[in-house]
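[1] just coords:
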């Protein structure tokens, strides 16, 4: 669209100039004709007559002369091709256009806006222009100085890229990610990372500057180029680097400028070459970040620790410029001395106290308190807190020191045997709970442990939290004092007498008690017996009469099957209870049937002894006895029918049926004998 507007503008300008030139030519011709008429008026008519002119006022020339004249005329023109750059001469100027002669059959017009970079325009000046079209639809020659400048600039940029030559450009504006640089009149891109070897954040400071660049990338398809100023600096730095590295020596002290600070150290510019100052080599003391000691663009002296010619690495040190703090440590600091410092590092096993920069001592967790209660160092200590401590050991050669906080106060264990004798009762504060016991503080820095088994005579706890909580008071009895290991064993259940002597008579093996299931696990259940005693029933002893297992919170009758006074353990069984009850019932039935059979046999024997002395009255007795036995036989015959109607009851008590069958068999045997 822009090219069409420019072409239309050129055509209009060409028509306007053509009209002006035609008008000027017509006026000049009129004046010339008028002058000739005046001269002819002064001369005689026959003196100016050309006798070679024919009737049509045309002069004829020989063919040879015509050919020569045509060649001379054509020689004044040049051949043009579209899309080429030619040199043109300014032959005319208007308010809006410049008339250019390129030696073609017609002149071209170019807008004055394309000559804004030229301070002055004069006729006769030569400029390079681009042939857009030799002849448009109206026969006009279309030229462009802007396109010519762009093509020439691009050719120069490509040449600079291929030959790696340095170009000069003006930074005209800022854009996203970098700057726009005008090189040879063509806009190129300068990325922010290619402005300098150091990081640049303020791009506006470079707008309007004239700098040297190196063309590092081109795109011929879209005629785009990328330039770099950093590449020129790096090439200079590389030569300086080689010169500096060739003169480097370990232990050499150099002056440098801090150009960048990172978490692991700082990069120092040594005048064309960078060296790395690690955080561990900045100070003899402990620092968390290099910025605590260093600042950007700060000038410092550093010592060369090591360098690698191949990898081009230089290791620098700052703390090495000063003597090691342990070498100049005050001789007054010795074992038993009191020192002051701040916490600079905390580990699981203790904390490090810095008493001077580069001088640290370890406060082990065992040296924090006289108490045997476990201490978490990360909860007890805070970074940068100040503490006083006693020097326990010091090794100047190995640069090691151990410190103690608890030795600032007298050892309270020296009074423990007198203050807490065996068997004495005390009230203490629960400070900590573990799976195996409770730590109770009796006094400041004095405490003991109550084992989980010493919390209750009658209950077993999986964890002390089931019985007590941190911060509660607990009555305890001193059970044992271990002076060597500085430990006190305490007991809580010992404040009461051992009830298991009494329990042995209350819960003997075989005794039956009503109890409630209060806890169950994979192996069985815990039941609550009278007097707060707990017993245990394995799963196989929790089976009820209907074959199901007893559930939590269910109250049943249990039978004691084991009583262990030493282990404070009672085993109970509900299954054994109802099995034994059923067995007793069966046994009772068998005994009753056996007794009835015995009585029948005795009666038969008595009858047989008196059979010879039978009288009529006795025969009546025998007749009655026979009738009774027949009635009993009929009753026995009806029992199988009743048994079929109550199969379920018969299956639950098979032994009872067997006893009745035996009794029946016995009676039937008696009838037979009779």
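    Thanks, I have the structure now. As the structure is a computational prediction, the values presented were derived from the model and not from experiment.

[2] what's the domain layout of this structure?
    Per the record, the chain has its domains at 2-147, 164-233, 248-321, 325-408, 412-495, 505-562+569-608+624-674, by automatic domain parsing.

[3] relative to residue 134, how far out is residue 89?
    As defined by C-beta to C-beta, to the nearest Å, residue 89 lies at a distance of 18 Å from residue 134. Quick note: C-beta positions are derived from backbone N, CA and C, even for glycine.

[4] pretty sure residue 575 sits in a strand.
    No: assessed by DSSP: H, G, I helix; E, B strand; the rest coil, residue 575 does not belong to a strand; its assignment is helix.

[5] look at it and report its pLDDT.
    Each residue has a pLDDT score; the one for residue 575 is 86.

[6] now do the contacts for it.
    Under the criterion of C-beta atoms under 8 Å, 6 or more residues apart in numbering, the neighbours of residue 575 are 540, 541, 542, 543, 544.

[7] for the third one, grab the count of nearby residues.
    So that's residue 542. The local packing of residue 542 (other C-beta atoms under 10 Å) involves 23 other residues.

[8] nearest residue to it other than its sequence neighbours?
    For residue 542, the nearest residue in space outside its immediate sequence neighbours is residue 550; the separation is 4.4 Å by C-beta to C-beta, 6 or more residues apart in numbering.

[9] with residue 133 instead?
    By the measure of C-beta to C-beta, 6+ apart, the closest residue to residue 133 outside its immediate chain neighbours is residue 142, 4.3 Å from it.

[10] next: residue 449.
    Across the structure, with C-beta to C-beta, 6+ apart as the measure, the residue nearest residue 449 apart from its sequence neighbours is residue 437 (4.8 Å).

[11] and the one you found, how far from residue 143?
    Residue 437 is 104 Å from residue 143, where distance means C-beta to C-beta.

[12] same thing with residue 161?
    From residue 161 across to residue 143, the span is 29 Å (C-beta to C-beta).

[13] more neighbours: residue 437 and residue 143, which one.
    For the pair residue 437 and residue 143, the greater number of neighbours falls to residue 143 (26 against 19), based on other C-beta under 10 Å.

[14] and the helix or strand where that one lies, average pLDDT?
    For residue 143, the host element (DSSP states H and E) is strand 141-144. Summarised as a single mean, pLDDT over strand 141-144 is 84.

[15] packing partners of that strand?
    Under the contact criterion of 3 or more C-beta pairs under 8 Å, 6 or more residues apart in numbering; DSSP states H and E, the helices and strands touching strand 141-144 comprise helix 2-42, strand 108-111, strand 126-133.

[16] switch the cut-off to 7 Å
    Secondary structure elements in contact with strand 141-144, counted by 3 or more C-beta pairs under 7 Å, 6 or more residues apart in numbering; DSSP states H and E, are strand 108-111, strand 126-133.

[17] present the ones you listed as TSV; the columns should include distance to residue 210 and mean pLDDT.
    TSV is the format used below for the helices and strands packed on strand 141-144 (distance: least, C-beta to C-beta, whole Å; pLDDT from 0 to 100):
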stretch	distance to residue 210	mean pLDDT
strand 108-111	28	86
strand 126-133	24	84
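
[18] and of those, who's closest to residue 374?
    Each of the helices and strands packed on strand 141-144 has some distance to residue 374 by C-beta to C-beta; the shortest is strand 126-133, at 89.4 Å.

[19] give me the buried positions along that closest one.
    Applying a neighbour-count criterion of 16 or more other C-beta atoms under 10 Å, one finds 127, 129, 130, 131, 132, 133 buried in strand 126-133.
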